[in-house]
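Asker: fold the following.
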Amino acid sequence: MKVVVFVKATKSSEAGEMPDEKLLADMGKFNEELVQAGIVKAGEGLKPSSEGVRVHFSGSDRSSTDGPFAETKELVAGFWLWEVASMQEAIDWVKRCPNPMLEDSDIEIRPLYATEDFADSDPSGVLSDQEYKLRETVTMQQAVVQPYLFFAGRCEEALGFYEQAMGATVLMKMRFSESPDPVPDGMLQPGFEEKVMHASFKIGKMTLMASDGCGDATSHQGFRLAMSVENEAVCDRVFTALAEDGNVEMPLGKTFWSPRYGMVTDKFGIGWMVMVPGEQQ
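Answerer: Numbering: from 1, shown residues only. Below you'll find the model as predicted:
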């Protein structure tokens, strides 16, 4: 079951008083325990109601009122969204929580409605199907597509190259010999036992994944990686670094969409489009 856990507001939270270092550390530890238990879906703290707005509905009329709002005990200062086995599990977790406020405070637990709760109002299931599609749409809006590059035995060399040329940060690296599960017989080319089975690395805001693959037969065709940098001098440096022992298909130059744009394939066969973003139209 899913529950929303509301941290109720107090005089100190409505006054905008920030927690001290110890409380922040205690809450951080509690949140870490929640994450490790796998029950947290979301959670945030809210600013005082003085920075909020209420919208009132009366028939077809709508009116808004700026905060602050009276009745502090009815306000919320933060929340978690948890998925738990039962209400009792949620209660047990809340009782382990440090007091989130500087004074006496309350935390309220409220279960969420599930689709089956509306079965009597939706006998045909049409509304349930609509809700499922909306949830699927939201899920896909949060989906992440990442490039996965195969380097045919040169992955470690490539990672080192991108560290030097583009300031890449290698986040993790696992060799075939380190795999928790054995590689199926006949899948791996002889001599690839110490090659990179899986790696992830970050360039700017993008996280990419990489591997040596299971053999030295691979190709990088039908795609390019597009990299945007704000500074022309940096753009020039990165392009020059990528072009070393590679192939320049389009030298850096001015285009109608960018003050500096070029295409290059690096020495590992990865195609790049390096550019400075143009002005927004």
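Asker: strands of the stretch 51-200 of the chain, start to end?
Answerer: Ranges of strands in the stretch 51-200 of the chain, per DSSP state E, counting those that start in this stretch, are 53-58, 61-66, 76-83, 107-111, 148-150, 169-175, 196-203.
Asker: could those strands go into CSV alongside mean neighbour count?
Answerer: For glycine as for every other residue, the C-beta is placed from the backbone atoms N, C-alpha and C. Converted to CSV, the strands of the stretch 51-200 of the chain look like this (neighbours: other CB atoms under 10 Å):
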stretch, mean neighbour count
strand 53-58, 9
strand 61-66, 9
strand 76-83, 18
strand 107-111, 15
strand 148-150, 18
strand 169-175, 14
strand 196-203, 19
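Asker: out of the ones you listed, nearest to residue 9?
Answerer: strand 76-83 (4.2 Å; CB to CB).
Asker: kindly format the C-alpha coordinates of the closest one as CSV.
Answerer: Output of strand 76-83 as CSV, limited to C-alpha atoms (Å, rounded to 0.1, in the frame of the first residue of the first chain):
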residue,chain,number,x,y,z
VAL,A,76,2.0,20.8,6.3
ALA,A,77,5.7,21.5,6.4
GLY,A,78,6.9,18.4,4.5
PHE,A,79,6.0,15.0,3.2
TRP,A,80,7.2,11.5,2.2
LEU,A,81,5.5,9.1,-0.2
TRP,A,82,6.1,5.6,1.0
GLU,A,83,5.1,2.1,-0.3
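Asker: what residue ranges in the stretch 51-200 of the chain score low on pLDDT?
Answerer: Scanning the stretch 51-200 of the chain for pLDDT under 70 picks out no residues.
Asker: wait, which of the strands of the stretch 51-200 of the chain is closest to residue 133?
Answerer: Comparing those against residue 133 with CB to CB, the closest turns out to be strand 76-83 (21.3 Å).
Asker: quick one: list the elements packing against the closest one.
Answerer: If contacts are counted by 3 or more CB pairs under 8 Å, 6 or more residues apart in numbering; DSSP states H and E, strand 76-83 sits against strand 2-8, strand 40-45.
Asker: just checking: what are the partner strands of the longest one?
Answerer: Sheet neighbours of strand 2-8, with direction, are listed as strand 76-83 (antiparallel), strand 107-111 (antiparallel) (DSSP bridges).
Asker: adding distance to residue 274, write these out as a markdown table.
Answerer: As requested, these are exported to a markdown table (distance: least, CB to CB, whole Å):
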| stretch | distance to residue 274 |
| --- | --- |
| strand 76-83 | 41 |
| strand 107-111 | 51 |
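Asker: for residue 258, which of the ones you listed is the nearest?
Answerer: Smallest distance to residue 258 across the strands paired with strand 2-8 (CB to CB): 41.7 Å, for strand 76-83.
Asker: any idea how far residue 233 is from the residue lying farthest from the centre of the chain?
Answerer: Largest separation from the mean C-alpha position in the chain: residue 59, at 40.1 Å (CA atoms, centre = their mean). Using CB to CB, to the nearest Å, residue 59 is found at 61 Å from residue 233.
Asker: same check on residue 110?
Answerer: 55 Å.
Asker: can I see the domain layout of the protein?
Answerer: 2-53+65-112, 117-143, 145-218, 222-281 (automatic domain parsing).
Asker: check which residues of the shortest one are buried.
Answerer: Read that as domain 117-143. Along domain 117-143, no position meets the burial threshold by neighbour count (16 or more other CB atoms under 10 Å).
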